[in-house]
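# Predicted model and sequence below, questions to follow.
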Amino acid sequence: MTMGRLMWVCLVLLLGAGIAPEVHAWGDTGHRIICEIAFQELNPQARAEVKRLIRLNPEFRRFSMSCIFPDHPRQRSRALNSSPTPIF
């Protein structure tokens, strides 16, 4: 590729990136959906263990609700700070 052609390609890419529409992430709904699909794909023993673990935390009624927990650091910080057990 010649230098002139390379410069045109770079220019087109830069302009394209500048006028591209805003991109939206999946958000909580998308994460819950994917999490629910993954949960349904578990074998019965693994699904029972996930249910047992989820019941240990009253904040989560369903596995899919726990999937968005890492996406919200402020909520996670409050939950960890109010935990009665030490976290190492």
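Thanks, I have the structure now. Residues are numbered from 1 along each chain as shown.
# where does this structure have low pLDDT?
The chain contains residues with pLDDT under 70 at 1, 17-25, 70-71, 73-88.
# all helices of it, in order?
Secondary structure of the chain by DSSP state H: the helices cover 3-19, 27-41, 44-55, 63-66, 73-81.
# can you redo those helices as a markdown table with mean neighbour count?
To be clear about C-beta, it is placed using only N, CA and C from the backbone, and glycine gets the same treatment. Formatted as a markdown table, the helices of the chain follow (neighbours: other CB atoms under 10 Å):
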| stretch | mean neighbour count |
| --- | --- |
| helix 3-19 | 9 |
| helix 27-41 | 13 |
| helix 44-55 | 12 |
| helix 63-66 | 18 |
| helix 73-81 | 10 |
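# who's in contact with G27?
G27 makes no contacts at all, as judged by CB atoms under 8 Å, 6 or more residues apart in numbering.
# That one and E36: what is the separation?
15 Å (CB to CB, to the nearest Å).
# With C67 instead?
Distance, C67 to E36, using CB to CB: 8 Å.
# which residues are in contact with both of those two?
Common neighbours of C67 and E36 (criterion: CB under 8 Å, 6+ apart): none identified.
# can you count the residues close to C67?
For C67, the count of nearby residues is 19 (other CB atoms under 10 Å).
# Disregarding residues adjacent in the polypeptide, which is nearest to it?
In space, and not counting its chain neighbours, C67 is closest to C35: 3.5 Å by CB to CB, 6 or more residues apart in numbering.
# so who does that neighbour touch?
If you count contacts by CB under 8 Å, 6+ apart, C35 has them with F63, S64, S66, C67.
# you'd agree the last one is up against H31?
Yes. Using CB atoms under 8 Å, C67 is in contact with H31, at 5.1 Å.
# correct me, but R32 touches C67?
Yes. If you go by CB under 8 Å, R32 and C67 touch, sitting 6.2 Å apart.
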